[in-house]
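K.L.:
heads up, no residue letters with this:
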């Protein structure tokens, strides 16, 4: 396999993201505002005595959540949506590289840019202003591995969702619905360790927890055994979502129609 032709998609994607680096600065600003608002909101909640947790633990969760969320953000719906609507997806089928691989390495380029330009600055702010403690070297490596696996989970979910565009011809509503589902169940909007135990099973059997909450748990000091369990579950879900992505694409191709050209 000639890896260079695949990495070319990542290189182009990285350069495209860099061209819109103002968006990265605005993302850092919005993340900072988000964290500031959550600091005051959760300070009030904890002061009321309704939450049995420290403010530092909760804010650490949100900071690392922003790091993870900013890194694994993908938008396969946008990447494929325009090609599907205009019918140029037919041209992509003629390439020696599959549509799946094109989308994957395109989003991998975004991953590299997002990690450097969006995630690291937010993490740095957390280290400075909230004095967040860094994990040990081995735990840090497990966190980075889990972060990469989380990216694969989000990509596969986004890729499978984008196949619906073959029927709807509209990507923004599908992207919005997917993002909302992820934010609710992945641990972006609230710490999942605060979810009542009777509902924890529901979160555990879905893949979304391992897109954000899983890497956060590893970063914040889980045991090696727990960290390895999280990584193993991520690998299992990647396998299952790969199967879903395969059958979604197979079904979508039967609906392929040329639009507008």
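P.N.:
Now that the structure is in, tell me what you want to look at. Quick caveat, the model's predicted, so the values are computed rather than measured.

K.L.:
correct me, but residue 32 touches residue 125?
P.N.:
Yes - Residue 32 sits in contact with residue 125 when judged by Cβ atoms under 8 Å, with a separation of 6.4 Å. Every residue, glycine included, has its C-beta placed from N, CA and C.

K.L.:
Could you give the backbone dihedrals for residue 78?
P.N.:
Torsion angles at residue 78 (phi, psi; degrees, to the nearest 10) stand at phi -70, psi -40.

K.L.:
Give me the nearest residue to it, chain neighbours excluded.
P.N.:
Among residues not flanking residue 78 along the chain, residue 171 sits closest, at 6.1 Å (Cβ to Cβ, 6 or more residues apart in numbering).

K.L.:
That neighbour contacts residue 161, doesn't it?
P.N.:
No - the criterion here is Cβ under 8 Å, and residue 171 misses it with residue 161 at 9.2 Å.

K.L.:
which helix in this structure runs the most residues?
P.N.:
Secondary structure assigned by DSSP state H gives helix 224-253 as the longest helix of the chain.

K.L.:
how about the helices of the stretch 51-200 of the chain, start to end?
P.N.:
55-72, 76-86, 89-93, 99-114, 120-129, 137-162, 165-168, 172-186, 197-204 (DSSP state H, counting those that start in this stretch).

K.L.:
just checking, what packs against the second one?
P.N.:
With contacts defined as 3 or more Cβ pairs under 8 Å, 6 or more residues apart in numbering; DSSP states H and E, the secondary structure elements packing on helix 76-86 are helix 89-93, helix 99-114, helix 137-162, helix 165-168, helix 172-186.

K.L.:
of those helices, which approaches residue 11 most closely?
P.N.:
Proximity to residue 11 (Cβ to Cβ) singles out helix 99-114 among these, at 6.5 Å.

K.L.:
could you give the mean pLDDT of the closest one?
P.N.:
The pLDDT scores in helix 99-114 average 91.

K.L.:
Find the residue at the geometric middle of this protein.
P.N.:
Central residue of the chain (Cα atoms, centre = their mean): residue 72, 3.1 Å from the mean position.

K.L.:
For residue 99, see how far away it is.
P.N.:
21 Å (Cβ to Cβ, to the nearest Å).

K.L.:
what's the answer for residue 91, then?
P.N.:
Remark: distance between residue 91 and residue 99 (Cβ to Cβ) = 11 Å.

K.L.:
ok, the two, which is more surrounded?
P.N.:
Applying other Cβ atoms under 10 Å to residue 91 and residue 99 shows that residue 99 carries more neighbours, namely 18 against 11.

K.L.:
Distance-wise, check the more buried one relative to residue 77.
P.N.:
Plainly put, residue 99 is 13 Å away from residue 77 if you go by Cβ to Cβ.

K.L.:
Also residue 146?
P.N.:
24 Å.

K.L.:
which one of these two has more residues nearby?
P.N.:
Counted by other Cβ under 10 Å, residue 146 and residue 77 do not tie: residue 77 has more neighbours, with 26 against 23.

K.L.:
quick one: the more buried one and residue 171 touch, right?
P.N.:
Yes - the criterion here is Cβ under 8 Å, and residue 77 meets it with residue 171 at 4.1 Å.

K.L.:
Need the residues touching each of those two.
P.N.:
The contact sets of residue 77 and residue 171 overlap at 162, 165 (Cβ atoms under 8 Å, 6 or more residues apart in numbering).

K.L.:
pLDDT weak spots in the chain?
P.N.:
Low-confidence regions of the chain, defined by pLDDT under 70, span residues 1-2, 19-22, 24, 257-261.

K.L.:
And what about residue 255, helix, strand or coil?
P.N.:
Three-state assignment for residue 255 (DSSP: H, G, I helix; E, B strand; the rest coil): coil.
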